[in-house]
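Colleague: structural data only, the sequence is not supplied:
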């Protein structure tokens, strides 16, 4: 039960910022051993009542403008992705675990400079490019 409760906490604190779970109500978290008070005090940020659906404040058109596509609702995604190849839970697990952190700005600038072949003065001569940071061989 502790792992499920931790998963609910992680989902609500991180994923639920962009991905709604609009077909799930907060009170269903009682199924994993949480009380109404625990749900209300620790997991509800955008709803007033424990019986409300898990929605996000971001509008779909805003999400599409910001991210290029609206993040999918994750309530029934495992069931929707189910096929003869699996239950869909594997797809959901991979989707959630594939989230990445952007590179720090200084690394992006360095990579950009290394990739500029049209401006050799920015990265050194074509035969001897400058190196920034650790190199791999």
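Modeller: Everything's here; your move. Remember, predicted model here, so these are calculated numbers, not experimental data.
Colleague: need the longest strand for this structure.
Modeller: strand 21-25 (DSSP state E).
Colleague: so which elements touch that strand?
Modeller: strand 53-54 (3 or more C-beta pairs under 8 Å, 6 or more residues apart in numbering; DSSP states H and E). The way it works is simple: take the backbone N, C-alpha and C, and place the C-beta from them, glycine included.
Colleague: give me the contacts around the strand it packs on.
Modeller: With contact meaning C-beta atoms under 8 Å, 6 or more residues apart in numbering, strand 53-54 is reached by 12, 16, 20-26, 47, 75.
Colleague: cutoff 6 Å now
Modeller: 21-22, 24-25 (C-beta atoms under 6 Å, 6 or more residues apart in numbering).
Colleague: try stretch 72-85
Modeller: Counting by C-beta under 6 Å, 6+ apart, stretch 72-85 makes contact with 19-24, 88-89, 91-92, all of which sit outside it.
Colleague: how about these in CSV, adding neighbour count and distance to residue 41?
Modeller: Below are the contacts of stretch 72-85 laid out as CSV (neighbours: other C-beta atoms under 10 Å; distance: C-beta to C-beta, whole Å):
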residue, neighbour count, distance to residue 41
19, 22, 22
20, 24, 21
21, 21, 19
22, 14, 22
23, 12, 24
24, 17, 19
88, 16, 32
89, 13, 29
91, 17, 33
92, 17, 28
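Colleague: which one of the residues you listed is nearest to residue 32?
Modeller: residue 24 (11.9 Å; C-beta to C-beta).
Colleague: show me what contacts the closest one?
Modeller: Residues in contact with residue 24, defined by C-beta under 6 Å, 6+ apart, are 54, 75.
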